[in-house]
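Undergrad: what follows is a predicted protein model with its sequence.
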Amino acid sequence: MGKKKVVVGMSGGVDSSVAAYLLKEQGYEVIGVTMQIWQDEENAVQEENGGCCGLSAVEDARRVARALDIPYYVMNFKKEFKENVIDYFIQEYLEGRTPNPCIACNRYVKWESLLQRSMEIGADYIATGHYAKIAHLDNGRYALEVSEATGKDQTYALYNLTQYQLSHTLMPVGAYEKEEIRKIAEKIGLPVAHKKDSQEICFVPDKDYAGFIETNTQKKIREGNYVLEDGTVIGRHKGITHYTIGQRKGLNLAMGHPVFVTKIRPETNEVVIGENEDLFKRELICDHINFMAMEDLREDRRVTAKIRYNHKGAPCTITRVSEDQIKVLFDEPQRAITPGQAVVFYENGYVAGGGSIIG
């Protein structure tokens, strides 16, 4: 039997570059692929900071592939990216939620579309440079295991992957710390050894989400009222796409003390303002459930849940309330539970499952 073939999604960054190297060292037949997802050339040229969308990503990935002596291709996923990530991102903001486009991109573009196309060209696996590990558990299920990298674990953004996707995925970087990955890149002379990590949402490099939505939708983003919980009007806001739960800066309200966005009401175009303590809640409901380490939720279960990427995680009890809804009851109140974000359940270092917060 020949060597197993793996398509590595190469973003031009150090993590995916070292992933390709590690797999080649392990004896896989490695093919490098960069996913072309930027929507127009002009924006791509402007993008200089090492995101996974720009033309610079292609140049860097091509140089790495040459250094590793592996075949390299650019595959066009513009359509899939627009439909599953950009359109979703815009729609969520218009409905008063705060989306996580990286989660949508991982599930529907980096995995669903890339995996399908890779299988069509005879690959056995796809691989990425994510800081996570994949385990095949005793119950027969595949699950993500928390990465070795302190503070770099990326399992939260990958909770939505299916069993099929996980069974055809390799994540060699998850067994290392970030500094070790840079050292490997340095040792083998990769041109991206010291390239900085990309932080922002790749298709909005200037972080002006509201401006991006305004430009990319036919809808006029209307101003509306800032209100207190009881409906008292206290000022005017610029449009709900400018705000997220827990936001304090940029409100332009002279209240004499710090105040925060506590709710967004798209049906009345209102942004609710309150105190810091109003942001703490013990309970949330989530839908669009994806089970990973656990097959289903038939009775109450104790887990640790994360409500955003940089949340430490908190102990809670999860209860199924309907076919596609789970209630999460935290032991202690959590700050700024935000509709649109993911809640991810962890058990013994594995991702048990997760869903999308609806309230």
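TA: Nice, I can see it. Source: prediction; values computed, not measured.

Undergrad: residue 66: what's it in contact with?
TA: Contacts of residue 66 were listed using CB atoms under 8 Å, 6 or more residues apart in numbering, and they are residue 72. Glycine gets a C-beta too; all of them are placed from N, C-alpha and C.

Undergrad: what do you get for residue 301?
TA: Residues near residue 301 by CB under 8 Å, 6+ apart: 294, 317-318, 352.

Undergrad: can you spell out which residues form a bridge with it?
TA: residue 318 (DSSP bridges).

Undergrad: ok, now how distant is it from residue 98?
TA: Residue 301 is 27 Å from residue 98, where distance means CB to CB, to the nearest Å.

Undergrad: could you do residue 164 as well?
TA: Distance of residue 164 to residue 98, computed by CB to CB: 29 Å.

Undergrad: please pick the buried ones from the contacts of residue 301.
TA: Neighbour counting by 16 or more other CB atoms under 10 Å classes 294, 318, 352 among those as buried.

Undergrad: next, count neighbours for the closest residue to residue 36 other than its chain neighbours.
TA: Nearest residue to residue 36 in three dimensions, chain neighbours excluded: residue 76, at 4.8 Å (CB to CB, 6 or more residues apart in numbering). Applying other CB atoms under 10 Å, we find 11 residues neighbouring residue 76.

Undergrad: my read is that residue 76 contacts residue 33, right?
TA: No: between residue 76 and residue 33 there is no contact under CB atoms under 8 Å: 10.9 Å.

Undergrad: now residue 18, what's its secondary structure?
TA: Secondary structure for residue 18, judged by DSSP: H, G, I helix; E, B strand; the rest coil, is helix.

Undergrad: okay, it: pLDDT?
TA: As summarised for this prediction, residue 18 has a pLDDT of 97.

Undergrad: show me what contacts it?
TA: Contacts for residue 18 were tallied using CB under 8 Å, 6+ apart; they are 129, 172-173, 181, 184-185, 190.

Undergrad: distance of it relative to residue 88?
TA: Taking CB to CB, one finds residue 18 at 30 Å from residue 88.

Undergrad: quick one: contacts for residue 325?
TA: For residue 325, the contact set (CB under 8 Å, 6+ apart) comprises 285-287, 289, 358.

Undergrad: for residue 267, give its distance to residue 240.
TA: In terms of CB to CB, residue 267 sits 11 Å off from residue 240.

Undergrad: can you pull out the helices in the stretch 151-300 of the chain?
TA: Assigned by DSSP state H, counting those that start in this stretch, the helices in the stretch 151-300 of the chain fall at 163-167, 178-187, 209-216.

Undergrad: any of the contacts of residue 325 buried? List them.
TA: 285-286, 289.

Undergrad: and which of those is nearest to residue 142?
TA: Distances from residue 142 to these, taken as CB to CB, are shortest for residue 289 (16.7 Å).
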